[in-house]
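S.K.: Next come a sequence and a model predicted from it.
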Amino acid sequence: MSESLRQLGNAVNRRAFLSQAGTGIGAAALSSLLASDAAAGSPSTGTGVPHFAPRAKRVIYLFMSGGPSHVDLFDPKPLLTARDGEPIPAELIRNHQFAMIKSDQPKIKGSPYRFAAHGESGNVVSSLLPHLAEEADALAIVRSLHTNTFNHDPAVMFMNTGDVRFGRPAMGAWLSYGLGSENRDLPGFVVLASGVNTNQPLLEAYWGSGFLPTHHQGVQFRNQGQPVLYVKNPEGLDDRVRRDMIDVINEANRMHLADVGDPEIRTRIEQYEMAYRMQMSVPELTDLSTEAAATHELYGTQPGQVAFSNNCLLARRLIERGVRFVQLYHKGWDSHATLQNDHERQCRETDKPIAALLSDLRQRGLLEDTLIIWGGEFGRTPMAQGQGAGYGRDHHPHGFTMWLAGAGVRAGTTHGSTDEFGYFAVENKVHVHDLHATVLHILGIDHERLVYRLRGRDFRLTDVHGEVVEDLLA
């Protein structure tokens, strides 16, 4: 088999390429550039970024898929407890739609959890998150987020891409496009998923490249089996034969690129090279058994387990190796019923590993140039959905909480507020576009200048919106 491939490779050699492409020295130069880019694994984007000195080099985005309840985790509202069971004021919800609540005047629901100030900063954290409370001084808690939509798929899309519609690049793809990769053997954007299976799917469009070249899309690492599909050679196929195959395929792709000029062919060449290198780098990277026992105790990890804790540890290993953007999706926060059971389970699974991640990054000197983001696509209503122990909370886009930590962030602060019911963001409001502008700023990017021209228009992550939230910057 290897000999046949070598014969085919000889048939499509450099001389044949130049004669068939018909562009002489120009074709040779193009081939040389493509080979150089493929070897580097980080093709030049021509974007001219960073635009100024970055505070952070990389991002870990902890995405709590489904919508955590801000009034049960970070935004205490004594009025909800005092008026528990009363109808919500009609003027507060006038003309508002809900995903599941059917009542014209749903009832207020106070949180059953205690809130306390922690650390020197006095940042307030719920009793559901005792480990994160120990890291309160590292957090910049934003209580005044608001978004454009109250249904999951468009809201997750909007939080990740700046648009409710399919086809726009995710934030990680924009950063890969703007900043490239720091590791030639790994993608610049990696996605990890965990949590309970629900009716709310995780769509690949959430980490897609949209209209950007496809090598900027997120690559999902799996929790079981091969960490990346087909990362191992099939039985009977060794590395030498695989290398021969890729060389022949790439030579044919270079010929096709010279003929038609389609940039996606260039991407295909680069991705073949990346996939080959990942066959060597990924198995070692994802083998958590090499970590010290003390590290496993810190995170609560067990090698081979499918868990958010394992993904947090893997995220640290990924950024250590130069991955630009790591996004962890943890499913199961969509608590329309049995909210207490659901949120208590979710917090048990995420609280300790998130605190461990912050502590571990700090000890290794990585927190000083890594930005951490925590949050979901929206919050949850201050009114109950359902009654008794089976109550839940509906989707809530008008005011909710996220937090940032690490590089470039004014740690130990609480920014903005919702009204006394926790319904509307009212003070120092932060729109999703503002969050995106701020994240890009921390990475040295002017959000108005990171653009991609398509069909006569300059597109960007923040569209035509967004203001940097200066109060969040260190």
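M.R.: That came in fine, so what should we check first?
S.K.: quick one, helices of the stretch 151-300 of the chain?
M.R.: Ranges of helices within the stretch 151-300 of the chain are 152-161, 171-179, 239-260, 263-285, 293-299, based on DSSP state H, counting those that start in this stretch.
S.K.: Please work out which of those is packed deepest.
M.R.: Stretch with highest mean neighbour count among the helices of the stretch 151-300 of the chain: helix 171-179 (a mean of 27; mean count of other Cβ atoms under 10 Å). In this view, the C-beta of every residue, glycine as well, is placed from N, C-alpha and C.
S.K.: about what we covered before: indicate which one of the helices of the stretch 151-300 of the chain is closest to L435.
M.R.: helix 152-161 (8.3 Å; Cβ to Cβ).
S.K.: what helices or strands is the closest one leaning on?
M.R.: strand 58-65 (3 or more Cβ pairs under 8 Å, 6 or more residues apart in numbering; DSSP states H and E).
S.K.: tell me the domain ranges of this structure?
M.R.: Using automatic domain parsing, the domain ranges for the chain come out as 1-40+239-283, 56-227+286-472.
S.K.: Quick one: residues contacting H296.
M.R.: Taking Cβ atoms under 8 Å, 6 or more residues apart in numbering, we find H296 in contact with L288, Q302, P303, L313.
S.K.: distance of it from L313?
M.R.: Computed as Cβ to Cβ, to the nearest Å, the H296 to L313 distance reads 8 Å.
S.K.: quick one: common contacting residues for the two?
M.R.: L288.
S.K.: Quick check: pLDDT value at the residue most central in space within the chain.
M.R.: In the chain, the C-alpha nearest the mean C-alpha coordinate belongs to Q327, at 3.1 Å (Cα atoms, centre = their mean). If you check Q327, the pLDDT there is 98.
S.K.: I'd guess it is in a strand, am I close?
M.R.: Yes. Looking at Q327 with DSSP: H, G, I helix; E, B strand; the rest coil, it is inside a strand.
S.K.: Okay, and the beta partners of it?
M.R.: Y61, V191 (DSSP bridges).
S.K.: Now do the contacts for P76.
M.R.: S111, F115, V124, S126.
S.K.: So what's the residue count around V124?
M.R.: 18 (other Cβ atoms under 10 Å).
S.K.: element containing it?
M.R.: Per DSSP states H and E: V124 is located in strand 123-126.
S.K.: got any ranges where the protein has weak pLDDT?
M.R.: Under the criterion pLDDT under 70, the flagged ranges of the chain are 1-47, 224-234, 236-237, 241-242, 244, 269-278.
S.K.: So in it, which helix runs the longest?
M.R.: helix 339-363 (DSSP state H).
S.K.: What is the helix or strand that comes right after that one packed up against?
M.R.: Using DSSP H and E, the helix or strand that follows helix 339-363 in sequence is strand 370-375. Here strand 370-375 touches strand 58-65, helix 339-363, strand 400-406, helix 432-442, going by 3+ Cβ pairs under 8 Å, 6+ apart.
S.K.: What strands line up against strand 370-375, and which way round?
M.R.: With DSSP bridges as the test, strand 370-375 is paired with strand 58-65 (parallel), strand 400-406 (antiparallel).
S.K.: got the angle for it vs helix 152-161?
M.R.: 160 degrees (axes from the mean of the first three to the mean of the last three Cα atoms, to 10 degrees).
S.K.: Only alpha carbons, please: show strand 370-375 as CSV.
M.R.: Below are the C-alpha coordinates for strand 370-375, written out as CSV (Å, rounded to 0.1, in the frame of the first residue of the first chain):
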residue,chain,number,x,y,z
THR,A,370,-5.5,34.1,31.2
LEU,A,371,-9.0,35.5,31.2
ILE,A,372,-11.8,33.3,32.8
ILE,A,373,-15.5,33.9,31.9
TRP,A,374,-18.4,32.3,33.7
GLY,A,375,-22.1,32.5,32.7
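S.K.: Just want the angle from that strand to helix 432-442.
M.R.: 170 degrees.
S.K.: quick one on the thing from earlier: could the domains of the chain go into JSON lines alongside distance to V49?
M.R.: Compiled in JSON lines, the domains of the chain are given as follows (distance: least, Cβ to Cβ, whole Å):
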{"stretch": "domain 1-40+239-283", "distance to V49": "17"}
{"stretch": "domain 56-227+286-472", "distance to V49": "4"}
